[in-house]
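> Sequence and predicted model, in that order:
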Amino acid sequence: MTKIKTYEVDEHPFELRHEVKHLNSRLDQIANMLDKAEFKDIIENYTNPKKRIITNFTAGLSRGLGLSVGTFVVLGLLGYILSIFVDMPLIGKYLGNLQQYIDAYK
């Protein structure tokens, strides 16, 4: 255990004032860091289950919607690019066979 120094105001007024100023500036830094970290919002989110459920539900919906739209766009672009290559000799024959299989499945 560390022993805490005790100062008498009459003995060391300058050192005591200097230390108090240093501690006050350090407390101000800690207060600013806590404000930036927004611990109040974090604690409210974790202590309120209803708020946490709603937040997680909306996050899941947005992820699912984003994945669906992204997949749709990528597959659409891929289909468009493949449709350009249908007229090429070697690739067109392969894609034509693939389209026949798809049409036969319908």
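Cool, the structure landed. Worth saying up front: this structure is predicted, and the values here are computed from it rather than measured.

> could you say what helices and strands the lowest-mean-pLDDT helix or strand in the chain packs with?
In the chain, no helix or strand scores lower on mean pLDDT, DSSP states H and E than helix 39-47, which sits at a mean of 76. Identification of packing neighbours for helix 39-47 by 3 or more C-beta pairs under 8 Å, 6 or more residues apart in numbering; DSSP states H and E yields helix 49-84. C-betas here are computed from N, CA, C, even on glycine.

> Ignoring the adjacent residues along the chain, who's closest to Leu82?
Leu95 (6.2 Å; C-beta to C-beta, 6 or more residues apart in numbering).

> Thought Phe85 was touching that neighbour, still the case?
Yes - between Leu95 and Phe85 there is a contact under C-beta atoms under 8 Å: 6.6 Å.

> okay, the two: which has more neighbours?
Set Leu95 next to Phe85 and count neighbours by other C-beta atoms under 10 Å: Leu95 wins out with 16 against 12.

> just to revisit the earlier point, what about the helix or strand hosting the residue nearest to Leu82, average pLDDT?
Using DSSP states H and E, Leu95 sits in helix 89-105. For helix 89-105, mean pLDDT rounds to 80.
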